[in-house]
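In: sequence plus predicted model, see below.
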Amino acid sequence: MKLNEPMIIVNFKTFLESTGKKAVELAKQTEKVSRETGVQIIVVPQTIDLPKIVETVEIPVFAQHLDPIKSGNSTGHILAEAIKEVGVVGTLINHSEMQLCLSDIESSIVRAKEVGLVSCVCANNPAVSAAVAALNPDITSIEPPELIGTGIPVSKAKPEIITNTIDLVHKINKNMPVLCGAGISQAEDVTTALKLGTLGVLVASGIIKAKDPYNILYTFANATQQQR
């Protein structure tokens, strides 16, 4: 699947506000914003909520994780073919809350490609981002873990992390989209991230925990649209 740029990826994590019926409602609101603004917005629900959300919305749905396994004796793991079959189009890999060793990142990217899933690999610093870029995922996202959930945006607190990541990644793969996440909570954070050279943002609590997720996401999408 070809994704449009710039993009916003909304990670539902395991918040109660984005679980079960609330996850479906949040996905509907996200789709509404995407349609109204024309901005590519991707939702990333918990594994158990994937089938219902895929049935409900037409915007792209990613999984939060897949395991670098083949079909067989792997109880409790997440098989790439299983999430592909329900209509998911991509997956996060190596989120800071689900980190993998480099060999497993590579195997996960390979597994995603084998079944036709878009791979978005998260990295915690520029050097890891460069190593990831050499493994040829579809998207790389830089997310300093110390800023995740703080409301302190990486695009303001540590802009050099973003620019250094983009420089290193593009030396390896000049066409690879680089996103950023961690602490993104206001439209101006999105604007700053795009001005620094990213092609979108990965957000979670700034949307999920907001009193009015629709309104906040709309302002994010508007900021994204203005930078096109």
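Out: Arrived safely. Numbering: from 1, shown residues only.

In: quick one: secondary structure of the residue lying farthest from the centre of the chain?
Out: Most distant from the centre of the chain: residue 73, at 28.9 Å, with distances by CA atoms, centre = their mean. Following DSSP: H, G, I helix; E, B strand; the rest coil, residue 73 is assigned to coil.

In: any idea how far it lies from residue 103?
Out: 20 Å (CB to CB, to the nearest Å). Glycine gets a C-beta too; all of them are placed from N, C-alpha and C.

In: identify the residues contacting residue 143.
Out: Contact partners of residue 143, counting by CB atoms under 8 Å, 6 or more residues apart in numbering, are 95-96, 122-124, 154, 180-182, 202.

In: hmm, residue 191 is touching residue 222, no?
Out: No: assessed by CB atoms under 8 Å, residue 191 is found out of contact with residue 222, at 9.6 Å.

In: scan the contacts of residue 143 and report the most crowded one.
Out: residue 180 (33 neighbours; other CB atoms under 10 Å).

In: wait, what's in contact with it?
Out: Residues counted as contacts of residue 180 (CB under 8 Å, 6+ apart) are 141-143, 154-155, 162, 165, 193, 196, 198, 201-202.

In: swap the cut-off to 7 Å and go again
Out: 141-143, 154-155, 162, 193, 198, 201 (CB atoms under 7 Å, 6 or more residues apart in numbering).

In: with residue 69 instead?
Out: 77, 79.

In: and it, what's its pLDDT?
Out: Note on residue 69: pLDDT of 96.

In: measure it to residue 175 for me?
Out: 29 Å.

In: residues near residue 104, how many?
Out: As a burial measure, residue 104 scores 15 neighbours (other CB under 10 Å).

In: ok, and what's touching the strand or helix carrying it?
Out: For residue 104, the element it lies in under DSSP states H and E is helix 102-115. By CB under 7 Å, 6+ apart, the surrounding residues in contact with helix 102-115 are 66, 68, 80-81, 84, 91, 93-94, 100, 119, 121, 131-132, 135-137.

In: cool, and stretch 8-26?
Out: Against stretch 8-26 from outside (CB under 7 Å, 6+ apart): 30, 39, 41-46, 49, 52-53, 56, 62, 64, 120, 179, 200-204, 207-209, 213, 220-221, 224.

In: per-residue confidence averaged over it?
Out: If you average the pLDDT over stretch 8-26, you get 97.

In: distance from stretch 70-77 to the middle of the chain?
Out: Put simply, stretch 70-77 sits 25 Å off its chain's centre (CA atoms, centre = their mean, to the nearest Å).

In: buried residues, it. List them.
Out: Buried residues in stretch 70-77, counted by 16 or more other CB atoms under 10 Å: none are found.

In: residue numbering should commence at 868 henceforth.
Out: Will do, 868 is the new start, and the previous item becomes stretch 937-944.

In: so how far does it reach from one end to the other?
Out: Stretch 937-944 has its terminal residues 10 Å apart, counting by CA to CA, to the nearest Å.

In: gap between residue 1005 and residue 984?
Out: Distance of residue 1005 to residue 984, computed by CB to CB: 9 Å.

In: residue 900 against residue 1084, yeah?
Out: Yes: with contact defined as CB atoms under 7 Å, residue 900 reaches residue 1084; the gap is 4.9 Å.

In: so for the helix holding residue 971, what gets flagged as buried?
Out: 972-976, 978-979, 982.

In: re earlier: more neighbours, residue 1005 and residue 984?
Out: Taking other CB under 10 Å, residue 1005 and residue 984 do not tie; residue 984 has more neighbours (25 against 19).
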